[in-house]
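below is the sequence, then the predicted model.
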Amino acid sequence: MSLVLCLAVALVGQPMAFTNAHIIPVEGPEIQRGTLLVQDGKILAVGASVAIPKGALVQDCANQVIMPGLICTHSHIGGWGGADRSGPIQPDARIIDALNPRSSGWKRALAGGLTTLNVMPGSGHLLSGQTVYLKLRPDVGTIGEMAYRFADGSPMGGIKMANGTNPQGAPPFPGTRSKAAALVRQKYLEAQKYQRDLEAVAEGGEAPPRDLGLEALVEALEGKRVVHHHTHRADDIVTVLRLSEEFGFRLVLHHVSEAIMVAEEIAEADVPCSVIMIDSPGGKQEAINLSFETGRVLDEHGVKVAYHTDDYITDSRYFFRSAALGIRAGLARETALASLSLHGAEMMDLGGRIGSLAPGKDADFVILSGDPFSIDTRVQQTWVEGNLAFDLAKPSDRLFAEGGFGGSNEVNPYMCCTKNECEGCAQ
């Protein structure tokens, strides 16, 4: 690790080689004593016999493990903002506008090996707004600079929806499950009409008044945005599948505490699942049947499975543990590794960029002291686009890995307030 400081400030265009590591590419077999070669934020090569270019900076990773940066498909780091209590369906609300760049959660996530997050508004609404896909870049000054982007330059993200007990309440919120589904159905019918009105403009029709919420739902209807849907009970899961089939929006089911009961229906609909794994559902009645076996059973039915933290429900620093509990219940190791990385990337339409170690992909990776699923293993370093974003050997970073005074207070920012480097911000 003696060259870490040099690597952190590598010159533009200078390749970096991480050698003698046990490498877990996720796509492909694990590599003993392998080399990962990166340059300008991208992976150049990975393998057992990679030629190291002249002038490359070299870091010896003997007795360490390198794997892709972890991807959390469901997080609330940085704030629970989104829709307010004025109504149960608010697709115009954008979580990116509510995130706190001074939250210590960003650094804690890096301490857990996470490099990409789907940050969401809460689940107290039928539709609480637009999620945002964030890459935890260490060299940025604003939340916007962390955001992945659609082709048109707008922040990339999905639509957050929920059913079950969370969005129920006093009017205008629904009091029953049937009314909840009816309200959602009515809103998507409005979005379909808005979509037709927009299409008519190309044929000389009059443009409808601009509606930010309906615009977002049209993007879901057209497949640009994925609907990320909080749901627990088996009957609620089936209701979501029914709505997805009716309106044609792409879907990822989240939490799915009773997915085992309807695994065949989920598989038939070809819908992926993002699973939460906790020791106890606490006082949430509809999550009482949550099972460690959910990942295995869904995988056996051919359903793509990822895990998520729901941070702050579970801490991002314990993300590996979620998949380890799945392994305890019979989930294959290869699937467990993908469930923390590639599968999550694919659920966010980012599988071509991140989620595995392959030439051409972003150089997002984590260096571990041992096997990912060993209780003794620690995250040593987290790299994002070839830049060192977390280093356990650095006291100010170690604070966020282990806790202590100043390690969880929001006044300790992950990002500096300006472009200038400010080591004191993390002290």
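Here it is on my side, so go on.

going along the chain, name the strands of the stretch 101-250 of the chain.
114-119, 127-130, 132-135, 159-162, 227-231 (DSSP state E, counting those that start in this stretch).

can you tell me which of those comes nearest to residue 13?
strand 132-135 (21.1 Å; CB to CB). Backbone N, C-alpha and C define where each C-beta goes, glycine included.

so which bits of the closest one are buried?
With burial defined by 16 or more other CB atoms under 10 Å, the residues of strand 132-135 counted as buried are 132, 133, 134, 135.

using JSON lines, lay out those together with distance to residue 207 and pLDDT.
Listed next are the buried residues of strand 132-135 as JSON lines, based on distance: CB to CB, whole Å; pLDDT from 0 to 100:
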{"residue": "132", "distance to residue 207": "28", "pLDDT": "98"}
{"residue": "133", "distance to residue 207": "30", "pLDDT": "99"}
{"residue": "134", "distance to residue 207": "33", "pLDDT": "98"}
{"residue": "135", "distance to residue 207": "35", "pLDDT": "98"}
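
which one of those residues is nearest residue 35?
residue 135 (24.2 Å).

shaky segments in the stretch 201-350 of the chain?
Counting by pLDDT under 70, the stretch 201-350 of the chain shows low-confidence ranges at 281-282.

just the strands in the stretch 301-427 of the chain please.
305-308, 365-368, 379-384, 387-391.

the second one packs against which elements?
Which is strand 365-368. In terms of contacts (3 or more CB pairs under 8 Å, 6 or more residues apart in numbering; DSSP states H and E), strand 365-368 is packed against strand 65-68, strand 379-384.

paired strands for it, with orientation please.
strand 65-68 (antiparallel), strand 379-384 (antiparallel) (DSSP bridges).

let's have those strands in TSV, adding mean neighbour count, mean pLDDT and distance to residue 254.
Converted to TSV, those look like this (neighbours: other CB atoms under 10 Å; pLDDT from 0 to 100; distance: least, CB to CB, whole Å):
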stretch	mean neighbour count	mean pLDDT	distance to residue 254
strand 65-68	24	99	21
strand 379-384	26	99	24
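
for residue 173, find the nearest of those.
strand 379-384 (39.3 Å).

kindly export that closest one (C-alpha atoms) in PDB.
C-alpha atoms of strand 379-384 as PDB (Å, rounded to 0.1, in the frame of the first residue of the first chain):
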ATOM      1  CA  VAL A 379     -13.000  -2.600   3.200                       C
ATOM      2  CA  GLN A 380      -9.400  -1.300   2.700                       C
ATOM      3  CA  GLN A 381     -10.000   1.100  -0.200                       C
ATOM      4  CA  THR A 382     -12.900   2.200  -2.500                       C
ATOM      5  CA  TRP A 383     -12.000   3.600  -5.900                       C
ATOM      6  CA  VAL A 384     -14.500   5.500  -8.100                       C
END
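
now it against strand 387-391, angle please.
150 degrees (axes from the mean of the first three to the mean of the last three CA atoms, to 10 degrees).

so what touches strand 379-384?
1, 4, 38, 64, 69, 110-115, 135-138, 363-369, 388-393, 401 (CB atoms under 8 Å, 6 or more residues apart in numbering).

could you flag which of these are buried?
4, 38, 64, 69, 110-115, 135-138, 363-368, 388-392, 401.

what sits against the nearest residue to residue 271 once chain neighbours are set aside?
Computed as CB to CB, 6 or more residues apart in numbering, the closest residue to residue 271 that is not its neighbour in sequence is residue 251, at 5.1 Å. Shown in contact with residue 251 (CB under 8 Å, 6+ apart): 226, 227, 229, 240, 241, 244, 269, 271.

with respect to residue 314, which of these is nearest?
The closest of the contacts of residue 251, once distances to residue 314 are taken by CB to CB, is residue 229, at 19.2 Å.

does that closest one touch residue 240 like I think?
Yes: Residue 229 is in contact with residue 240 according to CB atoms under 8 Å; the separation is 5.0 Å.
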